[in-house]
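Chemist: Structure for this input, please:
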Amino acid sequence: MGALKDAIDGYNEQKKKNVSAEILAAMAQATEELINSGIEKRTLKSGDTIHDFELPDQHGQLRRLSDYLCESRVVLNIYRGGWCPYCNMEMKALHDLLPEIEAAGARLIGMAPETPDRALTTAERHQIKIDILSDQGNRVAETLGLVFELPEALRAIYQKIGIDVPAYNGDDSFKLPLPATYILEQDGVVLYDFVNADYTKRLEPEEIVARLAAL
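Modeler: Below you'll find the model as predicted:
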């Protein structure tokens, strides 16, 4: 087990105590339906080549993926948004291992559908000094096969607990990406992929470092 899994397991235990059985069942059902949809099979995989793209970072500056790849390998971490507790735990864990990731010869980049100002808040909250790209409308995530629409049952639950997904994303949709981590070679080929339709499952940063070292 790693530090991230320990944090997630601890959070899940608290969630069982603090969230009603009805809401937990609705969340579990939505996750099961997403898994059964087969969306994972349609996502970008190891051996595929990612298409170049340009997005604004958290400061509003346009960034091209190819510019990052010219300098080094890239670890592209795609998350749902700063409102997601699992994404926040993942960001903290990445912050803690950032020196090791960089020492292994890779640049860590975040990407989420949240607006640049929300992405800036996410970066500042975790004191993580990386570029976070704002993929508003999930334009890039769509090309990676990661996008799904939050079901109606969860929309009501999220709104009840104060999570306004459209406000974070700056549009009126409830589209989100599956959380994913890709290690990209400088020519854009995917060297390693981690995609899980269960948003509570995340790749340990230690595993990222190990994969980079093995390359």
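Chemist: from here on, contacts and neighbour counts on C-alpha atoms
Modeler: OK.
Chemist: Please enumerate the helices of this protein.
Modeler: Here the chain has its helices, by DSSP state H, at 3-18, 21-36, 65-71, 85-103, 116-125, 139-143, 152-160, 165-169, 205-214.
Chemist: Tell me what angle the second one forms with helix 152-160.
Modeler: Right, the one you point to is helix 21-36. Here the directions of helix 21-36 and helix 152-160 differ by 130 degrees (axes from the mean of the first three to the mean of the last three CA atoms, to 10 degrees).
Chemist: residues in contact with helix 21-36?
Modeler: Helix 21-36 has contacts (CA atoms under 8 Å, 6 or more residues apart in numbering) with 16, 151, 153-154, 157, 197-199.
Chemist: number of nearby residues for the residue lying closest to T200 once chain neighbours are set aside?
Modeler: With CA to CA, 6 or more residues apart in numbering as the criterion, T200 has its nearest non-adjacent residue at 6.2 Å, and that residue is Y86. Residues within reach of Y86, counting by other CA atoms under 10 Å, total 23.
Chemist: about what we covered before: K175: which of the helices of the chain is closest?
Modeler: With CA to CA, the closest approach to K175 among those belongs to helix 165-169: 8.6 Å.
Chemist: Now that closest one: average pLDDT?
Modeler: Mean pLDDT, helix 165-169: 92.
Chemist: got it, and stretch 70-86?
Modeler: On average, stretch 70-86 scores 97.
Chemist: And it, end to end?
Modeler: This stretch, stretch 70-86, spans 31 Å end to end (CA to CA, to the nearest Å).
Chemist: For it, buried residues please.
Modeler: By neighbour count on 16 or more other CA atoms under 10 Å, the buried set for stretch 70-86 is 72-83, 86.
Chemist: on that earlier part again, now do the contacts for the residue nearest to T200.
Modeler: Y86 touches 8, 199-200, counting by CA under 8 Å, 6+ apart.
Chemist: I'd say I130 and G110 touch.
Modeler: Yes: between I130 and G110 there is a contact at 7.2 Å, judged by CA atoms under 8 Å.
Chemist: Can you lay out the helices of the chain as TSV showing distance to T49?
Modeler: Output for the helices of the chain, formatted as TSV (distance: least, CA to CA, whole Å):
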stretch	distance to T49
helix 3-18	28
helix 21-36	24
helix 65-71	12
helix 85-103	22
helix 116-125	26
helix 139-143	11
helix 152-160	34
helix 165-169	27
helix 205-214	18
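Chemist: Please state the backbone phi and psi of the spatially most central residue of the chain?
Modeler: Against the mean C-alpha coordinate of the chain, by CA atoms, centre = their mean, the closest residue is Y79 at 1.7 Å. Torsion angles at Y79 (phi, psi; degrees, to the nearest 10) stand at phi -130, psi 170.
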